[in-house]
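**Student:** Build me a structure from this.
(4 chains)
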Protein chains: 2
Amino acid sequence: MGRWVPGARGRLQHAAMELYADRGFEQTTVAEIAARAGLTERTFFRHFADKREVLFAGQDELTELVLAALAAAPAELSALDAATTAFTASAELFGERPDGPRARQSIIDAHPELQERELIKLARLGSAIAEGLERRGVTTAAASLAAQGAVAVFRTAFERWVTADDGRSLDVCLREALAELKKVASA
Amino acid sequence: MGRWVPGARGRLQHAAMELYADRGFEQTTVAEIAARAGLTERTFFRHFADKREVLFAGQDELTELVLAALAAAPAELSALDAATTAFTASAELFGERPDGPRARQSIIDAHPELQERELIKLARLGSAIAEGLERRGVTTAAASLAAQGAVAVFRTAFERWVTADDGRSLDVCLREALAELKKVASA
DNA sequence: CCACTGATGTCAGCTACTGACATGAGGGTA
DNA sequence: TACCCTCATGTCAGTAGCTGACATCAGTGG
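**Tutor:** All right, here's what the predicted structure looks like:
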């Protein structure tokens, strides 16, 4: 057996989720999270840049998935269609049932500091998508607007998927939201 | 003459802008800002909730201006058109020349922590606009998407206005960006 | 047998932020 | 004039997020 129990990072994430959900983000200290994970505060900050980041560890994978899907999208799709469709690939990350994402999202929704972090992650994702669109030949301005539109569609779809009781897939929600955005923009 | 030099709040804002611009946001301590303004650290936190908020003091006025303009917009305008046009009223806040806003924006652009704050302010502005649209009879989903679209248009237009050398007005930039979004969404 | 690596622990320190209490000029009132 | 009340600011002590420097020691490879 090794010197340390393996999976420190995962234990920290798990402990943080539980404590943030139980007593709230501000009422939880990093020392408490570390203790619950059987580690020290210093180790927490070696795995995560700050107290919020522990909830956003999967974000980079999301970006990679979406970018790969975007690069693989048929060339004849419009910028907005391509970007939105690329989000379909994110289902691979979230899984079939929205239960897990729902728990995490309810923590974020309850704490403005966490919303700030989520927003900048989404903004960066949007910038990455815009770059991906430019690589497809879309002009800079159009790419930026299409990317922001796609992110708005994703947010809407994700919220609906997480909230809804019916078993609609994220994919279906994305298509619905995309259609609504197009309708809104052409009215 | 009073016990204190008046204008404490303004002095704090001014000192913070200068120091953030000079040595960067993280390298500036609140104690230094307060000292430059002839006050104490404690007083800084009585005027501003945290170290970032000092740069975002005018945000509430922006929201009020835009909401008022939205309420006054002709009923026959589409949701997206109404929301975008409402941003025209913000010119009253920014002034004719982009020099002031440009300085502030370059500070924000250089510091992720400040971008986070800016993003949540914009998100809240978007939510407020969505509510305003619902009051005009737009459905919840369409209102949310139109509001996010309008915010994206505003961001694009604002950046262009602040960056550009030519003397294009914010108003013109808004119209351009709106046309581009519509084009992107209908392609 | 030894040197090196790398995840973790320990410790000291800075700074953002907060609560509790003190201060004292301005202004109103008897 | 004497009194008191308000309220922006000061003072002080304390919590907690976060960092740098250094120590520890199982595993690994030579």
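**Student:** Residues of chain A that sit close to chain B?
**Tutor:** By Cβ under 8 Å from any Cβ of the partner chain, the part of chain A that sits against chain B consists of A:78-80, A:112, A:115-117, A:119-120, A:123, A:141-142, A:144-146, A:148-149, A:152-153, A:155-156, A:177, A:180-187. Yep, even glycine has a C-beta here, placed from its N, CA and C like the rest.
**Student:** How much space separates residue A:133 from residue A:148?
**Tutor:** The spacing between residue A:133 and residue A:148, counted by Cβ to Cβ, to the nearest Å, is 11 Å.
**Student:** again, but for residue A:130
**Tutor:** The value you get for residue A:130 to residue A:148, if Cβ to Cβ is used, is 8 Å.
**Student:** Skip the chain neighbours and tell me the closest residue to residue A:83.
**Tutor:** On the basis of Cβ to Cβ, 6 or more residues apart in numbering or on different chains, the spatially nearest residue to residue A:83 that is not a chain neighbour turns out to be residue A:150, at 3.5 Å.
**Student:** Check which helix or strand the one you found maps to.
**Tutor:** Here residue A:150 sits within helix A:140-163, counting by DSSP states H and E.
**Student:** Show which residues not belonging to the helix or strand just after that helix make contact with it.
**Tutor:** Per DSSP H and E, helix A:140-163 leads on to helix A:170-186 as the next helix or strand towards the C-terminus. Contacts of helix A:170-186 from elsewhere in the structure, counted by Cβ atoms under 8 Å, 6 or more residues apart in numbering or on different chains, are A:80-81, A:84-85, A:87-88, A:90-91, A:94, A:98, A:149, A:152-154, A:156-158, A:160-161, A:164, B:78-80, B:141-142, B:145-146, B:149, B:181-182, B:184-186.
**Student:** can you pull the buried residues of helix A:170-186?
**Tutor:** The neighbour-count criterion (16 or more other Cβ atoms under 10 Å in any protein chain shown) identifies A:170-171, A:173-178, A:180-182, A:184-185 as the buried residues of helix A:170-186.
**Student:** Just give me the closest of those residues to residue A:50.
**Tutor:** When the buried residues of helix A:170-186 are compared for distance to residue A:50 (Cβ to Cβ), residue A:170 wins out at 29.0 Å.
**Student:** From residue A:124, how far out is the closest one?
**Tutor:** 21 Å.
**Student:** May I have the phi/psi pair for the closest residue in space to residue A:51 that isn't next to it in sequence?
**Tutor:** Residue nearest to residue A:51 in three dimensions, not counting chain neighbours: residue A:30, with 5.6 Å by Cβ to Cβ, 6+ apart. Geometry field for residue A:30 lists phi and psi as phi -60, psi -40, criterion degrees, to the nearest 10.
**Student:** separation between residue A:30 and residue A:132?
**Tutor:** When Cβ to Cβ is applied, the distance between residue A:30 and residue A:132 equals 36 Å.
**Student:** Run through the residues that contact the spatially most central residue of chain A.
**Tutor:** In chain A, the centroid-proximal residue (Cα atoms, centre = their mean) is residue A:59; its distance is 5.3 Å. Taking Cβ under 8 Å, 6+ apart, we find residue A:59 in contact with A:121, A:125.
**Student:** pLDDT score for it?
**Tutor:** Note on residue A:59: pLDDT of 95.
**Student:** How much space separates it from residue A:87?
**Tutor:** 14 Å.
**Student:** if we can go back for a sec, mind listing what the residue nearest to residue A:83 touches?
**Tutor:** A:80, A:83, A:84, A:86, A:87, A:126, A:129.
**Student:** Do a quick rundown of the helices in chain A.
**Tutor:** Here chain A has its helices, by DSSP state H, at A:8-23, A:30-36, A:41-47, A:59-72, A:79-86, A:91-94, A:99-109, A:112-135, A:140-163, A:170-186.
**Student:** out of the ones you listed, deepest packed?
**Tutor:** For those, ranked by mean neighbour count under the definition mean count of other Cβ atoms under 10 Å in any protein chain shown, the leader is helix A:79-86 at a mean of 25.
**Student:** Output that one as CSV - backbone C-alpha positions only.
**Tutor:** Once non-C-alpha atoms are left out, helix A:79-86 reads as follows in CSV (Å, rounded to 0.1, in the frame of the first residue of the first chain):
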residue,chain,number,x,y,z
ALA,A,79,-21.9,29.1,-37.8
LEU,A,80,-24.8,29.0,-35.3
ASP,A,81,-25.9,25.6,-36.3
ALA,A,82,-22.5,24.1,-36.1
ALA,A,83,-21.7,25.7,-32.8
THR,A,84,-25.0,24.5,-31.3
THR,A,85,-24.7,21.0,-32.7
ALA,A,86,-21.3,20.8,-31.2
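**Student:** contact partners of it?
**Tutor:** Contacting residues not belonging to helix A:79-86 are listed as A:66-67, A:69-70, A:73-74, A:77, A:129, A:132-133, A:136, A:138, A:142-143, A:146-147, A:149-150, A:153-154, A:174, A:178, A:181-182, B:184-185, B:187 [Cβ under 8 Å, 6+ apart].
**Student:** Distance from the helix or strand of chain A with the lowest mean pLDDT to the middle of the chain?
**Tutor:** Confidence across the helices and strands of chain A bottoms out at helix A:91-94, with a mean of 93, counting by mean pLDDT, DSSP states H and E. Taking Cα atoms, centre = their mean, to the nearest Å, one finds helix A:91-94 lying 10 Å from the centre of the chain it belongs to.
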